[in-house]
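> got a predicted structure here, sequence first:
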Amino acid sequence: MDSRPVDSFRGRTSAYLRKWARRHGRSVHAQVIRGAAYSLGSGAVSVIILWIQTRF
């Protein structure tokens, strides 16, 4: 199996992310962490709402 298409895709993707980070003044790692925190918070709120609905 030829891994060149996968390597090419990976290279293009990492180059795109580096350019995006420079344009927006953010690091990709910080954005991933921000997205994960947002998702966890949203999930926690959903669990609380479901818990309240089942209790009352």
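Ah, there it is. Numbering: from 1, shown residues only.
> quick one: residues in contact with stretch 28-42.
Residues outside stretch 28-42 that contact it (CB atoms under 8 Å, 6 or more residues apart in numbering) are 17-18, 20-21. All C-beta spots, glycine's among them, are computed from the backbone N, C-alpha and C.
> pLDDT-wise, what's the bottom of those?
Lowest pLDDT of those: Ala21, 76.
> surely that one meets Ala15?
No. Between Ala21 and Ala15 there is no contact under CB atoms under 8 Å: 10.9 Å.
> more neighbours, the two?
Ala21 (15 against 10; other CB atoms under 10 Å).
> tell me which element that one falls in.
Using DSSP states H and E, Ala21 maps to helix 4-24.
> now whatever helix or strand comes next after that helix: average pLDDT?
Next along the chain after helix 4-24, taking DSSP H and E as the criterion, comes helix 28-55. Average pLDDT, helix 28-55: 91.
> what is the orientation angle of helix 28-55 with helix 4-24?
Here helix 28-55 points in a direction 90 degrees away from that of helix 4-24 (axes from the mean of the first three to the mean of the last three CA atoms, to 10 degrees).
> done for today, thanks.
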